[in-house]
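Undergrad: Predicted model, plus sequence, below.
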Amino acid sequence: MNDDFLTRYRKSPPRGFSEALYKRINVPMNMKRTPPLRRLSFAAALGLALIAALAFSPSARAAFNGLIVEIGDMVFFEPDETASQATPLPESQVTIVPEETLPLAEAQAKLPYSVSLPAWVPDGFKMGSVVRISYFPGAGPQVTITWYGSDPKIGNIDLTIFAQRIDWLVETDDVQEVVVNGQPAALVLGGWDVDMNRWNDEAARMLNWMKGDEMYQLHSPGAAVEDLIRMAESIP
């Protein structure tokens with residue numbers, strides 16, 4: 001059966017995406033010691049699998065519904081509904097992500113970029129004493145710093161800094177453009193509900209923006225959008 005109708009009218013990823021992704025996932029990691037390991041969640045693994053399929057297998061693009069949102073240099077894709085409801089990966093196919101937890105000063109010495117912290121955080125939040133470095137294959141080390149809140153309904157605020165731009169798999173209807181220090185930023189209202197295996201537009205707030213060559217992201221289950229933007233704008 002000819003399946004051309006599955007991809008004929010779908011928008012292709014931006015020019016150069018395939019080449020960039022290929023380079024990204026084929027950069028060997030160089031780590032002096034082996035840190036503890038963390039399993040990548042099914043939702044994140046699904047996102048990486050679909051994006052890789054888009055780049056390398058035209059016939060697999062049926063799993064992608066063709067919707068792309070571009071804000072500044074950032075790209076957001078939307079999966080096909082049936083892909084987001086796929087059966088979870090077996091244990092043997094779950095990606096293992098090396099990571100380590102250590103004080104910020106020690107983490108900074110291991111990172112290829114400088115860490116800029118916000119000068120302002122919402123009342124009731126306190127920065128943790130350690131940070132987490134994750135080593136995603138081909139994407140460079142990413143560091144996550146957490147501010148712990150006192151209100152369980154709001155939750156914590158995570159600041160993650162990526163060594164390079166990361167393309168995200170999201171519900172594109174929940175992506176909107178905002179401004180951080182005069183530059184375009186992407187606000188995503190929602191997140192993957194791993195337990196329900198579907199997108200939940202009330203699950204979280206995620207603010208993404210580029211700072212030089214690095215991508216910054218503020219993520220929180222319930223912090224006010226205005227607070228996330230103010231916090232982002234206070235980062236020098």
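TA: Great, that's in hand.
Undergrad: now the strands for this protein?
TA: Applying DSSP state E to the chain gives strands spanning 37-39, 64-71, 74-79, 96-102, 125-127, 131-136, 140-149, 157-162, 168-169, 175-180, 183-193, 198-211, 214-220.
Undergrad: would you turn those into TSV with distance to Pro118?
TA: (Glycine included, C-beta is placed from N, CA and C.) Output for these, formatted as TSV (distance: least, CB to CB, whole Å):
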stretch	distance to Pro118
strand 37-39	25
strand 64-71	21
strand 74-79	20
strand 96-102	20
strand 125-127	9
strand 131-136	14
strand 140-149	9
strand 157-162	7
strand 168-169	22
strand 175-180	11
strand 183-193	14
strand 198-211	12
strand 214-220	9
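Undergrad: closest one to Glu233 among those strands?
TA: Closest approach to Glu233 among those is made by strand 175-180 (5.7 Å; CB to CB).
Undergrad: Would you mark the buried spots in stretch 147-155?
TA: Buried residues in stretch 147-155, counting neighbours by 16 or more other CB atoms under 10 Å, are found at 147, 149, 154.
Undergrad: Phe136: which of those is nearest?
TA: Closest approach to Phe136 among the buried residues of stretch 147-155 (CB to CB): Trp147, at 22.6 Å.
Undergrad: Mean pLDDT and distance to Glu226 for the strands of the chain - can I get that in JSON lines?
TA: Below are those laid out as JSON lines (pLDDT from 0 to 100; distance: least, CB to CB, whole Å):
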{"stretch": "strand 37-39", "mean pLDDT": "40", "distance to Glu226": "32"}
{"stretch": "strand 64-71", "mean pLDDT": "78", "distance to Glu226": "19"}
{"stretch": "strand 74-79", "mean pLDDT": "84", "distance to Glu226": "21"}
{"stretch": "strand 96-102", "mean pLDDT": "87", "distance to Glu226": "31"}
{"stretch": "strand 125-127", "mean pLDDT": "97", "distance to Glu226": "14"}
{"stretch": "strand 131-136", "mean pLDDT": "92", "distance to Glu226": "25"}
{"stretch": "strand 140-149", "mean pLDDT": "96", "distance to Glu226": "16"}
{"stretch": "strand 157-162", "mean pLDDT": "97", "distance to Glu226": "13"}
{"stretch": "strand 168-169", "mean pLDDT": "80", "distance to Glu226": "22"}
{"stretch": "strand 175-180", "mean pLDDT": "96", "distance to Glu226": "10"}
{"stretch": "strand 183-193", "mean pLDDT": "85", "distance to Glu226": "11"}
{"stretch": "strand 198-211", "mean pLDDT": "81", "distance to Glu226": "11"}
{"stretch": "strand 214-220", "mean pLDDT": "96", "distance to Glu226": "12"}
